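J.: okay, predicted coordinates and the sequence, questions at the end:
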Amino acid sequence: LILVIVKLVQYKLRSLGLAPIAFDLPELPTFTPDNRLANVSIEKLGENDLVYPESFVLSPDEKFAFISLGDGRIVRINDPIDADITWDTIVRTGIDDDQCGKGGPADDNDMEQKCGRPLGLWLASRSSVDKNFKSDDDDAQDEDVLLVADAYRGFLMVTGITDQPVIHALASRAESDHPEYTFKLLNAAVQVPSTGDIYITETSQHFERRRIFHAVMDGRATGRLLRYRRSSGVIEVVAENIYMPNGITVSHDQQSLLIVCGVKILRFDLRSGRIDPKPFIEVMPGTGDNIKTIDSHELPNGDKVKCYYVALGGIYKKPFSLLKFVSDKVWLSSFILAVVPYRKIIDLIPKWTALTVFDVQGNMIENFTDDGTSKLGENGKKISVEAPWISEFEPVGEYLYLASWYNPFLARIKRIELEG
């Protein structure tokens, strides 16, 4: 019987393209959530319309914001600083179908590849990106464009973002890739101000976004850091064999990139073109998603500091983390991946809402969390958190916006409620 089970597990793993390995993860940190988010009013915007928003980017004048959605749309939020907001769809990166986004965060209806899945967004001037743009042409007018890391369509540029939007495909593979290869999971993008170079994370070369937890538990480090330059118009690989690279930002001193990789944050030195051996952050209390460089964050004592906002997904802290527990047990991860349906794997992972704030040296100086323990139902069990698994936090005026690939709505809270 045991032999039969082993053979069945091996067959299932092969059919899914899985070959789990043991991989090293840091020891679980001690972390006490402050649960401040449990006591604030969370406003849910566009429920079942603004579905599974991954990334949120604000225009410099704060008149518009753009979000990437799980049904393939990119939506423009009008006047995000106002109490009453409206929104308009500007583009879809894939087909327009009624079933787009209906499969939930696990894409249960297998539509995501057809509908597109825009993830990371970045606003840039067209002249800094488009090699075909002629700035010396008398008829040429520079404009802000939206750069998109789409999990299935590759690296895109959207022009006419306030009137007549058009999608331009910039790259679907790196210059050195095999001609038949296309990006499996582009995730986030950022532009370095001093050079105009655009850096992009590719989280996995084997698994699509709809199977990202397979990539996590499989353990193989197949992620890459990519660079796009206007002068060449192609993407080159600048670092590879990275475990789960995700969110990315430019450091405050603009000398390096900070890359969220699982429970660590790595530092890529822009001068040497290499990843520093010592991580910027050795271990976080959760699996990180997106990271934001924040110029001014007010601490409880009134001091204002430069910092980084990091959104956390799965819990990674004492006393227990499923990811840590299975990381060195290939037999167990193999069994889970082969036997447990993908959606159930997602359901097994404890949910929380977590924003961590790190100073410029990488020290955690504040956290905003809700792990559900401060609210108990009549039966004494935890009440599910209202907005779990946040992928990105964005301060806008008196609000803090909460984007999440897991929730079928865009959330926001009033920042003043966090000060109480």
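T.: Okay, I see it. Numbers count the residues shown, from 1 in each chain.
J.: burial check on the closest residue to residue 48 other than its chain neighbours, number of neighbours?
T.: Excluding the flanking residues, the one nearest residue 48 by C-beta to C-beta, 6 or more residues apart in numbering is residue 408, at 5.2 Å. Every residue, glycine included, has its C-beta placed from N, CA and C. Applying other C-beta atoms under 10 Å, we find 20 residues neighbouring residue 408.
J.: distance-wise, check residue 408 relative to residue 399.
T.: Distance, residue 408 to residue 399, by C-beta to C-beta, to the nearest Å: 20 Å.
J.: what's the burial count for residue 21?
T.: Applying other C-beta under 10 Å, we find 13 residues neighbouring residue 21.
J.: and residue 132, by the same measure?
T.: Close neighbours of residue 132, defined as other C-beta under 10 Å, add up to 8.
J.: do the same with residue 3
T.: Using other C-beta under 10 Å, residue 3 has 7 other residues around it.
J.: can you check residue 384 too?
T.: 10.
J.: and for the longest helix seen in the chain, what are the contacting residues?
T.: For the chain, the helix that runs over the most residues, judged by DSSP state H, is helix 2-15. With contact meaning C-beta atoms under 8 Å, 6 or more residues apart in numbering, helix 2-15 is reached by 19, 20, 334, 335, 337, 338, 339.
J.: can you do 6 Å?
T.: If you take C-beta atoms under 6 Å, 6 or more residues apart in numbering as the criterion, helix 2-15 is touched by 334, 338.
J.: buried residues in it, which are they?
T.: Within helix 2-15, the residues scored as buried using 16 or more other C-beta atoms under 10 Å are 9, 13.
J.: what residue ranges in the stretch 201-350 of the chain score low on pLDDT?
T.: Judged by pLDDT under 70, the stretch 201-350 of the chain has no weakly predicted residues.
J.: cutoff 90 now
T.: 347-350 (pLDDT under 90).
J.: quick one, helices of it?
T.: Listed in chain order, the helices of the stretch 201-350 of the chain (DSSP state H, counting those that start in this stretch) span 212-218, 322-327, 330-339, 342-348.
J.: tell me which of these sits most buried.
T.: Highest mean neighbour count among the helices of the stretch 201-350 of the chain (mean count of other C-beta atoms under 10 Å): helix 212-218, with a mean of 21.
J.: quick one: distance of that one to the chain centre.
T.: Relative to its chain's centre, helix 212-218 lies at 15 Å (C-alpha atoms, centre = their mean, to the nearest Å).
J.: so what touches that helix?
T.: With contact meaning C-beta under 6 Å, 6+ apart, helix 212-218 is reached by 18, 20, 204, 207, 333, 337, 345.
J.: check what pLDDT residue 5 gets.
T.: As predicted, residue 5 sits at a pLDDT of 89.
J.: state the distance from the nearest residue to residue 222 once chain neighbours are set aside to residue 245.
T.: Excluding the flanking residues, the one nearest residue 222 by C-beta to C-beta, 6+ apart is residue 205, at 4.3 Å. Distance of residue 205 to residue 245, computed by C-beta to C-beta: 11 Å.
J.: please identify which of the two sits among more neighbours.
T.: The neighbour comparison of residue 205 against residue 245 (other C-beta under 10 Å) goes to residue 245, with 29 against 16.
J.: turn the contacts of helix 212-218 into TSV, including distance to residue 283.
T.: Formatted as TSV, the contacts of helix 212-218 follow (distance: C-beta to C-beta, whole Å):
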residue	distance to residue 283
18	26
20	22
204	21
207	24
333	20
337	24
345	23
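J.: closest to residue 172 among these?
T.: Of all these, residue 172 sits closest to residue 204, with 15.8 Å by C-beta to C-beta.
J.: isn't the closest one up against residue 185?
T.: Yes - in this structure, residue 204 is within contact of residue 185 by C-beta atoms under 6 Å, at 4.8 Å.
J.: what about the helices in the stretch 1-150 of the chain?
T.: Going by DSSP H, counting those that start in this stretch, the stretch 1-150 of the chain shows helices at 2-15, 112-115.
J.: how many neighbours does the closest residue to residue 254 other than its chain neighbours have?
T.: In space, residue 254 comes closest to residue 194 once its chain neighbours are excluded; the distance is 5.9 Å by C-beta to C-beta, 6+ apart. Counted by other C-beta under 10 Å, the residues lying close to residue 194 total 9.
J.: residue 194 belongs to a helix?
T.: No - using DSSP: H, G, I helix; E, B strand; the rest coil, the assignment for residue 194 is coil, not a helix.
J.: contacts only, for residue 289.
T.: Residue 289 makes contacts with 246, 247, 311, 313, 391, as judged by C-beta under 6 Å, 6+ apart.
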